[in-house]
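J.: got a structure for you, letters missing:
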C-alpha cells in the first residue's frame, strides 16, 4: 500500500465496488425502460423493451422477425423520438451534475459546494435570458438559448478564475468562493434587470421555466455533445480519485504528498465548469442534484472518491430520471419544472439521512 493510501485510514471500502456498480447499472436500465412508459399515452414496459430492441437491431443491421411492423407504429415514434431522448438526457444531466458536485466539494473542501458555486448557473441564466428576451444568438436558430446559456456559463467561469487566481492568495478556496458569489450577484442583477424591463410576458414565462430547469428540449440532436462531455468528465475524475481524496483532507496534506494544489485545483475547476456549463445549456438550472447526491453516496459508501465518483454518477442519473417522471405526471397535462421536484424530493430525504446516519466530511 502506498504512502498516499496510508494517509486515509478512514476511507475504507464498505461495499464491494464491482457488484454494487453492476446492481446500480441494472437498476438504471430498468428505470430507463419503466420511465418511458409514463406519459399521456401509457405504454407497457414490455412493449417499450420490444420497440427499443427492434430499433437498436435495425441500427446495427440485424434482422428481427416482425421488426418492421413494430417500428411502423405510432407508439414506436413516441418512444424513439420523444420519450427515449428525454430519458437519456435525464441520465446525462443527472450524472454530470452529480460528478461535478463531487469534484467541487473536494476542490473547495466545502460540504455546501455544488456545481453552481462559481456562479455558473447565474451566468447561464443571463445568457439564456438574453437569448429569449433580447433575441441574442438568433444566428444559431433553435439552439440559440442553449448556446447563450453555455457562453454565459463559460464567461462566468473565466471571470471567476481570473479573480480567484490573481493577486495574493492565488487559488485560495475562500477567495474562489467569494469570487463566485460576487459574479453570481452581478449576473443575477443583470438578469433581473432584463426581466423587469421586458414587455414580453410569454418570454418572461419561458425564462422563469428555464431557470427552474427542464428537459422539454431534449432531442437526439442535443444528446451528442453533452453525452460525450459528461462521459469524458466522469472518466477523468475517476482517474483522479487519489488526488481528490488528498484535497478533501486539506491543502497542507496535499502539499506534503507532493501535489501542486494550485495547478490541480485550476484543472479540476476547468473540467468541472465545462461539465456543468454543457449540462446547464441543455437542461436549464436544475438545483440540488449536485449537492445532495454526493452527500447521500458518501453516507452510504464512505469518502473514497474511487467509489463516490462512479456511484454518484449512476445514482444521480436514476434520481433525475424519476424526478422527470414526477415532473411530467404530477400535474396532469401541465409539466412542472424539474428543479422544483428535485428540491421537494431531495431536501426532506437529505434531512432524514443526516438524522439517521453518522457522517463526516473529509477528515471530520
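T.: In hand now; what should we look at? The model shown is predicted, which means the values in this text are computed figures rather than measured ones.

J.: need the contact list for residue 203.
T.: Going by CB atoms under 8 Å, 6 or more residues apart in numbering, residue 203 touches 132, 133. For every residue, glycine as well, the C-beta is placed using N, CA and C.

J.: Do you know the pLDDT at it?
T.: For residue 203, the model assigns a pLDDT of 89.

J.: same thing with the one 4 residues further on?
T.: Here the pLDDT value assigned to residue 207 is 89.

J.: my guess is it contacts residue 192, does it?
T.: No. If you go by CB atoms under 8 Å, residue 207 and residue 192 don't touch, sitting 10.4 Å apart.

J.: Using the three-state scheme, assign residue 64.
T.: Look at residue 64: counting by DSSP: H, G, I helix; E, B strand; the rest coil, its state is coil.

J.: More neighbours: which of residue 207 and residue 192?
T.: residue 207 (24 against 13; other CB atoms under 10 Å).

J.: Return the distance of the more buried one relative to residue 278.
T.: Counting by CB to CB, to the nearest Å, the gap from residue 207 to residue 278 is 20 Å.

J.: Equivalent analysis for residue 159, please.
T.: 18 Å.

J.: And those two? Which one has more around it.
T.: residue 278 (25 against 19).

J.: Name the nearest residue to that one, ignoring sequence neighbours.
T.: Distance criterion CB to CB, 6 or more residues apart in numbering; nearest residue to residue 278, sequence neighbours excluded, is residue 229 at 4.6 Å.

J.: Tell me if I'm right that that neighbour and residue 273 touch.
T.: No. Taking contacts as CB under 8 Å, residue 229 lies outside contact range of residue 273: 11.3 Å.

J.: if we look at stretch 57-68, which residues are touching it?
T.: 53, 54, 71.

J.: Give me the nearest residue to the first one, chain neighbours excluded.
T.: For residue 53, ignoring the flanking residues on the chain, the nearest one in space by CB to CB, 6+ apart is residue 64 at 7.3 Å.

J.: per-residue confidence for that neighbour?
T.: 74.

J.: and what of residue 323?
T.: Each residue has a pLDDT score; the one for residue 323 is 94.

J.: And the one 3 residues further on, by the same measure?
T.: Per-residue confidence (pLDDT) for residue 326: 93.

J.: Could you say which helix or strand holds it?
T.: Assessed by DSSP states H and E, residue 326 sits inside helix 305-329.

J.: Show me what counts as buried in that helix.
T.: In terms of neighbour count (16 or more other CB atoms under 10 Å), helix 305-329 has its buried residues at 305-328.

J.: ok, now stretch 222-230?
T.: Neighbour count says stretch 222-230 has 222, 223, 226, 227, 229, 230 buried, by 16+ other CB under 10 Å.

J.: what about that stretch, distance to the chain center?
T.: Centre-to-centre, stretch 222-230 and its host chain are 12 Å apart (CA atoms, centre = their mean, to the nearest Å).

J.: Now do the contacts for residue 21.
T.: Shown in contact with residue 21 (CB under 8 Å, 6+ apart): 310, 311, 314.

J.: and with 6 Å instead?
T.: Neighbouring residues of residue 21 by CB atoms under 6 Å, 6 or more residues apart in numbering: residue 310.

J.: Distance-wise, check it relative to residue 127.
T.: 36 Å.

J.: Tell me, please, where in the stretch 51-200 of the chain the pLDDT is lower than the cut-off.
T.: 167-171 (pLDDT under 70).

J.: quick one: the helices in the stretch 251-364 of the chain?
T.: Under the criterion DSSP state H, counting those that start in this stretch, the stretch 251-364 of the chain contains helices at 251-256, 261-283, 289-301, 305-329, 338-356.

J.: So which of these is nearest residue 17?
T.: Among the helices of the stretch 251-364 of the chain, helix 305-329 comes nearest to residue 17, with 5.4 Å by CB to CB.

J.: Go ahead and report the secondary structure state at residue 213.
T.: coil.

J.: hang on, the earlier thing: compare the helices of the stretch 251-364 of the chain and say which comes out lowest on pLDDT.
T.: Minimum mean pLDDT among the helices of the stretch 251-364 of the chain: helix 251-256, a mean of 76.

J.: Can you tell me what sits against that one?
T.: Helix 251-256 is contacted from outside by 246, 247, 261, using CB under 6 Å, 6+ apart.

J.: I figured residue 104 was touching residue 116, is that so?
T.: No. Under the criterion of CB atoms under 6 Å, residue 104 makes no contact with residue 116, lying 8.8 Å away.

J.: what's the offset of the helix or strand hosting residue 237 from the middle of its chain?
T.: Counting by DSSP H and E, the element that carries residue 237 is helix 220-238. For helix 220-238, the distance from its own C-alpha centre to the chain's C-alpha centre is 11 Å (CA atoms, centre = their mean).

J.: Report all helices and strands that that helix contacts.
T.: helix 84-107, helix 261-283, helix 305-329 (3 or more CB pairs under 6 Å, 6 or more residues apart in numbering; DSSP states H and E).

J.: angle of that helix against helix 84-107?
T.: Per axes from the mean of the first three to the mean of the last three CA atoms, to 10 degrees, the angle that helix 220-238 makes with helix 84-107 is 30 degrees.

J.: contacts for helix 220-238?
T.: By CB under 6 Å, 6+ apart, helix 220-238 touches 85, 88, 92, 95-96, 99, 103, 271, 275, 278, 282, 309, 313.
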